[in-house]
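*Asks:* Task: produce atomic coordinates for the following.
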Amino acid sequence: MILGHHNADPDVIGAAQGLRELVRALRPGTEVRVFLPDDVSSLSKSLAGSLGVEIDEKITLSDPDTYIVVDTGNLSQLGSYEKVIRETKARVIFIDHHTQVPELHDVCFSIIEPGASSTSEIVYRVMKHCGVTPSYVTASALLSGMAFDSRYFSLGGSELFRAASELLELVGDIADIKGRLVQPMSYSEKVARLKAGQRTEIISVGEWVVAFSVLGSFQSSGARALVALGADIAAVAGEDKGELRVS
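*Replies:* You can find the predicted model right below:
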């Protein structure tokens, strides 16, 4: 079972799809499921739908012998599956580009590369190391994950661009990838973004501008909007299912 953080973004989709194809190539006949607990971002659902990438939001694989957790720097990001991972007797593998927290040191195996642009980049290099060439769908998903987490290639070093170049030979045109990552903004999201700006509390820390706001939904979109307006750091909070969520 492959897991990713709540409100899963395109990097989770790319990394999970790459790992699914890798496991099936190395161990034919293995049942591999991508299960994203709690929720999936609307952009990721659109990306997965356009590529035909299968993701499960309900458990369809009971008692797996291995869990692979991608793009998740803290177990709390797994929502209801935090307890499962803490208590399972199955193998647990972490692959991520965020700094590893101490509680993850006891897992069976991990690939943690804070210098990588995305988890999708790491997964692609693992596939290449194993001699597995991604299919068109998987190459598109991996490239989408890289593009999303690197802010459309405005961040990243030579390894990112080398990987992207190789994947483009399989995908064709970067415009196809960008098109999949562009989603029309709904009326509700537009209003939420404007409310985030309207409700903003601004704090200066040296020359840094930190913005705080509150929204009932679309917290991550509201936070992105505040950064686009000029905040160095933005935090938008709201209550969701009886819990406090902060993007």
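*Asks:* State the distance from the residue of the chain positioned farthest from its centre to Asp232.
*Replies:* Most distant residue from the mean C-alpha position of the chain: Gly206, 31.5 Å away (C-alpha atoms, centre = their mean). Counting by C-beta to C-beta, to the nearest Å, the gap from Gly206 to Asp232 is 10 Å. Bear in mind the C-beta positions are built from the backbone N, C-alpha and C, glycine included.
*Asks:* do Asp11 as well
*Replies:* With C-beta to C-beta as the criterion, Asp11 and Asp232 are 23 Å apart.
*Asks:* Ok, Val69 next?
*Replies:* 30 Å.
*Asks:* Those two - which one has more neighbours?
*Replies:* Comparing Val69 with Asp232 by neighbour count (other C-beta atoms under 10 Å), the higher total belongs to Val69, at 24 against 13.
*Asks:* Show me what the one helix or strand that one maps to is packed against.
*Replies:* For Val69, the element it lies in under DSSP states H and E is strand 66-70. Contact here means 3 or more C-beta pairs under 8 Å, 6 or more residues apart in numbering; DSSP states H and E; on that basis strand 66-70 packs against strand 2-4, helix 10-26, strand 91-96.
*Asks:* Quick check: which of the ones you listed is nearest to Phe148?
*Replies:* Nearest to Phe148 among the helices and strands packed on strand 66-70 is helix 10-26; the distance by C-beta to C-beta comes to 4.1 Å.
*Asks:* and that closest one with strand 66-70, angle?
*Replies:* Orientation of helix 10-26 against strand 66-70 (axes from the mean of the first three to the mean of the last three C-alpha atoms, to 10 degrees) gives an angle of 140 degrees.
*Asks:* Asp173: which of the helices and strands packed on strand 66-70 is closest?
*Replies:* Of all the helices and strands packed on strand 66-70, it is helix 10-26 that lies closest to Asp173, at 17.4 Å by C-beta to C-beta.
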